[in-house]
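J.: sequence below, structure please.
(one chain, ligands or ions: 1)
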Amino acid sequence: MKILVLNGPNLNMLGIREPDIYGKSTYNDLCELINGYAVKKGIDVEIYQSNHEGTLVDKIQQAYNVFDGIVINPAAYTHTSIALLDALKAVGIPAVEVHISDVSAREAFRQISYIREACKATVSGKGFSGYLEAIDILLGE
Ligand code: DQA
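T.: The predicted structure follows:
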């Protein structure tokens, strides 16, 4: 089982950006958590972050026939990007949407998710452990 974990804009700033919302742990802490979980579960994981919509689209396209599942936190692109939705639909790889914060309890513009339609589940408001829950969903656990 090969899982691609994709992170969108500003998630490289975890630990610095709005710690009251996203916590004090860093992006590197997140990567270590996910990599450790992958070892425990005996799966292959690649983690990738970009601030650029087109780069994320490229990464989703390149996942075709390579990865069995995608965990995606599109960050702000969640609320704007038809291109990411179309890319996920194009490759047809099972995907789970993750948000560190509880987007349902935040601003109205965060209630809209363009990519939800292409995802089998959404995990929101569970902090970093939401990524592990998303992996479990892809593993059918
Ligand atoms: C986020 C929520 C988004 O609304 C926001 O733009 C982010 C992070 C989250 O993980 O809670 O950058 O996806």
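J.: C-alpha only now, for contacts and for neighbours.
T.: Noted.
J.: hmm, the helix ranked longest in the chain touching the ligand?
T.: Ranked by residue count and defined by DSSP state H, the top helix of the chain is helix 27-41. No - judged by C-alpha under 6 Å from any ligand atom, helix 27-41 stays clear of the ligand, getting no closer than 11.6 Å.
J.: now the helix or strand that that helix is followed by against helix 27-41, angle please.
T.: Counting by DSSP states H and E, the next helix or strand C-terminal to helix 27-41 is strand 44-49. On the basis of axes from the mean of the first three to the mean of the last three C-alpha atoms, to 10 degrees, strand 44-49 is oriented at 170 degrees to helix 27-41.
J.: what residues does the helix or strand following strand 44-49 touch?
T.: Going down the chain from strand 44-49, the next helix or strand is helix 53-62, by DSSP H and E. Helix 53-62 has contacts (C-alpha atoms under 8 Å, 6 or more residues apart in numbering) with 6, 8, 50, 77, 81, 83, 84, 87, 88, 90, 91.
J.: quick check: mean pLDDT of whichever helix or strand comes after helix 53-62?
T.: Where DSSP H and E defines the elements, the next helix or strand beyond helix 53-62 is strand 69-73. For strand 69-73, mean pLDDT is 99.
J.: strand partners of strand 69-73, parallel vs antiparallel please.
T.: Its sheet considered, strand 69-73 pairs with strand 2-7 (parallel), strand 95-99 (parallel) by DSSP bridges.
J.: would it count as contacting the ligand?
T.: Yes - applying C-alpha under 6 Å from any ligand atom, one finds strand 69-73 in contact with the ligand at residue 73.
J.: buried set for that strand?
T.: For strand 69-73, burial by neighbour count (16 or more other C-alpha atoms under 10 Å) applies to 69, 70, 71, 72, 73.
J.: wait, the last one touches residue 99, no?
T.: Think residue 73. Yes - counting by C-alpha atoms under 8 Å, residue 73 does reach residue 99; the two are 5.8 Å apart.
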